[in-house]
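# Sequence and predicted model, in that order:
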Amino acid sequence: MLPNSTCRCFSAILFYLLLLIPYHGSGQDGQAQQLVQLSKAINNVPVYDAQRQHRIDSLKKTLAQVTPADFSKQFDVYTLLYEEYRLFQYDSSYHYARKLGETALLLKDNGRIMYARIKLAFSLLSSGMYKEAYDSLAGIHTQWLPDSSKAEYYALLGRYYYDLGDFDNDQYHTPVYNVQGSRYMDSALALLPANTYQASYYRGLKELKAGNKERASEMLTQLLNDPALTQHQVAVTTSTLSDLYIRNGETDKAIQLLATAVIADIQSSTKETSAAFNLASLLYKKGDVRNASLCINQAVADAEFYGARQRKVQVSTILPFIEAQKLNMVESQKRKLLFYAATVTLLLLLIIGLAVIVWQQVKKLKAAQKIITRAHVNELEINRQLAETNARLEDANKIKEKYIGYFFNFNAEFYDKIEKLKKSLEQKVADRKLDDVKALIAKINLRKEKEELISNFDHAFLKLFPNFVTVFNSMFREEDQLLLKEGELLNTDLRIFALIRMGIHDSEKIAHILQYSVNTITTYKTKIKNKSIVPNEEFEKRVMEIKAV
């Protein structure tokens, strides 16, 4: 029992430590809960990416089955592969966009050639290659395109100019680019059905770029209420809508929208995105360095994986500041930890003193426990050995009991035969009938006697081990199992191992009993063991485990 003064000292130190630990309330607002969900989603990025990769692998298998001359089918599969890579990885989306163009040329289909150029332009634009994207768009002739592809072409041109405006982000060029982008968006909207997601989104985006915040907010918010939106559409819409709240200074609402966008991007395995970067910027400004670091790392990973040059440039503008802030936090935490460590050291010294006392008592208890445990283990081992010995003795007793009766009976029958033969020979000799003696001896069929002996052995053995053949065959593949001929109880292979089960392991004794050479017995045993699914060194042990009845 500890002294009272020691207990009071221990309680005082513990109370002091509790005062040093900062208190955090258990309640979390919606934003905090959403950031927790975001953290979980980031941890599951490999799961969502694996799902997309699985779809890609399936499409590649389909492509491998397409005949080289079927260009139309190749074009269709290349389109599907492009769509999977479009927001996932630039290099591959660019590759399959090129493949679309090459296949369209082989088909000599101008519509498909123009369609392939639209896809190529999208990949170039998404990776930040503005000059190359414009060159690709400039080579498109709309007279070859259906209305749906024309709408896609004009929308892509609109996005091209909007992206240029965002990239320049100045008061001179950005307004000009936004006006030009909106002109192309008008052309796209004229071709799109009014009730589609694309039409609704482009109208909201156009209002946003024109500075009509309230109208843009109303349209995009209404669009988000559509339950049929895909994860990617949710990500695009919430990310765009967040820009309005950022401009209005409503940071918390913008953070919630961007968190939703990042989660949707992750769940749709979208790498061509700026939501994670924008969210990291807002969280950093708000002072949430931990979540800002989480988001900026995700943004870096997405930009690296996709290969988006403009995203890498964006990330480089804020990443050093977040990392520097993290370093400051680490230093601050280090100072706190040093203070805590000093306090804990004092407590530790007290605990060590107490531990020495307890250790001495425990040492004595362990010594006694070891003696008890050792005795218990020895007792269990002795019991196990006795159980095994009893089982072997019981098995041996069964064999002895059965076979003693069998051999007494067989010897009695054999003795009767010898007795009859002896009397007959004595009579023939007494009567001087030597020819009859020779004839009588000639009638003795040793082979038949041996076969009868073997047959009697087989009968006696299978009465004792009725499941021997079935269990023995279970140690082989089906095609290697031993099949008995009609009328056979055991064959030579089985009989050798039957003798082993009886306890006769010496090949020389087995050879003598069965009238074979030792080499022949060894050959039989080796052949059987090599066919078995049981390792050679364990085979005879498994045979000995076959139970008698």
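Noted; the coordinates are in hand. Numbers count the residues shown, from 1 in each chain.
# Now tell me what touches stretch 151-158 from outside.
114, 118, 121-122, 125, 137, 140, 142, 145, 181-185, 187-188, 191-192, 198, 202, 206 (CB atoms under 8 Å, 6 or more residues apart in numbering). Bear in mind the C-beta positions are built from the backbone N, C-alpha and C, glycine included.
# One more pass at 10 Å, please.
Stretch 151-158 is contacted from outside by 114-115, 117-119, 121-122, 125, 133-134, 136-138, 140, 142, 145-146, 178, 180-193, 196, 198-199, 201-202, 205-206, 209, using CB atoms under 10 Å, 6 or more residues apart in numbering.
# Now which of the residues you listed would you call buried?
114-115, 117-119, 121-122, 125, 133-134, 136-137, 140, 145, 178, 180-182, 184-185, 187-189, 191-192, 198-199, 201-202, 205-206, 209 (16 or more other CB atoms under 10 Å).
# Now, those that are in helices?
Assigned to helices by DSSP state H, the following of the buried ones among the contacts of stretch 151-158 qualify: 114-115, 117-119, 121-122, 125, 133-134, 136-137, 178, 180-182, 184-185, 187-189, 191, 198-199, 201-202, 205-206, 209.
# Gly101 and Ile113 touch, don't they?
Yes. Between Gly101 and Ile113 there is a contact under CB atoms under 10 Å: 6.6 Å.
# does Phe339 sit in a helix, a strand or a coil?
At Phe339 the chain is in helix, as set by DSSP: H, G, I helix; E, B strand; the rest coil.
# Look up how far Leu349 lies from it.
From Phe339 across to Leu349, the span is 17 Å (CB to CB, to the nearest Å).
# With Leu338 instead?
17 Å.
# Show me what the helix or strand that contains Ser93 is packed up against.
Element membership of Ser93, judged by DSSP states H and E, is helix 90-107. Contacts defined by 3 or more CB pairs under 10 Å, 6 or more residues apart in numbering; DSSP states H and E place helix 90-107 against helix 45-64, helix 71-86, helix 110-126, helix 130-138, helix 289-306.
# send the alpha carbons of that helix over as PDB?
Extracted in PDB, the C-alpha atoms of helix 90-107 (Å, rounded to 0.1, in the frame of the first residue of the first chain):
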ATOM      1  CA  TYR A  90      -4.100  13.800 -69.600                       C
ATOM      2  CA  ASP A  91      -1.500  11.600 -71.300                       C
ATOM      3  CA  SER A  92      -4.000   8.700 -71.900                       C
ATOM      4  CA  SER A  93      -6.900  11.000 -72.900                       C
ATOM      5  CA  TYR A  94      -4.600  12.800 -75.400                       C
ATOM      6  CA  HIS A  95      -3.400   9.400 -76.700                       C
ATOM      7  CA  TYR A  96      -7.000   8.100 -77.300                       C
ATOM      8  CA  ALA A  97      -8.000  11.500 -78.800                       C
ATOM      9  CA  ARG A  98      -5.200  11.000 -81.300                       C
ATOM     10  CA  LYS A  99      -6.400   7.400 -81.900                       C
ATOM     11  CA  LEU A 100      -9.900   8.800 -82.600                       C
ATOM     12  CA  GLY A 101      -8.400  11.100 -85.200                       C
ATOM     13  CA  GLU A 102      -6.300   8.400 -86.800                       C
ATOM     14  CA  THR A 103      -9.200   6.000 -87.000                       C
ATOM     15  CA  ALA A 104     -11.600   8.700 -88.300                       C
ATOM     16  CA  LEU A 105      -9.100   9.400 -91.100                       C
ATOM     17  CA  LEU A 106      -9.000   5.700 -92.000                       C
ATOM     18  CA  LEU A 107     -12.900   5.800 -92.100                       C
END
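# buried stuff in it?
Buried-residue list, helix 90-107, by 16+ other CB under 10 Å: 90, 92-104.
# which residues of the stretch 251-400 of the chain fall in strands?
Applying DSSP state E, counting those that start in this stretch to the stretch 251-400 of the chain gives no strands.
# And Leu223, how far from Ala199?
10 Å.
# With Val77 instead?
29 Å.
# Where does the prediction get shaky in the stretch 1-150 of the chain?
Low-confidence segments of the stretch 1-150 of the chain (pLDDT under 70): 1-29.
# ok, 90 please
The stretch 1-150 of the chain contains residues with pLDDT under 90 at 1-36, 38, 90, 125-130, 139, 148.
# again with the stretch 201-350 of the chain
Checking the stretch 201-350 of the chain against pLDDT under 90 turns up 209-211, 213, 226, 243-244, 246-249, 271-350.
# Do a quick rundown of the helices in it.
Under the criterion DSSP state H, counting those that start in this stretch, the stretch 201-350 of the chain carries helices at the ranges 213-224, 231-247, 251-267, 275-286, 289-306, 309-430.
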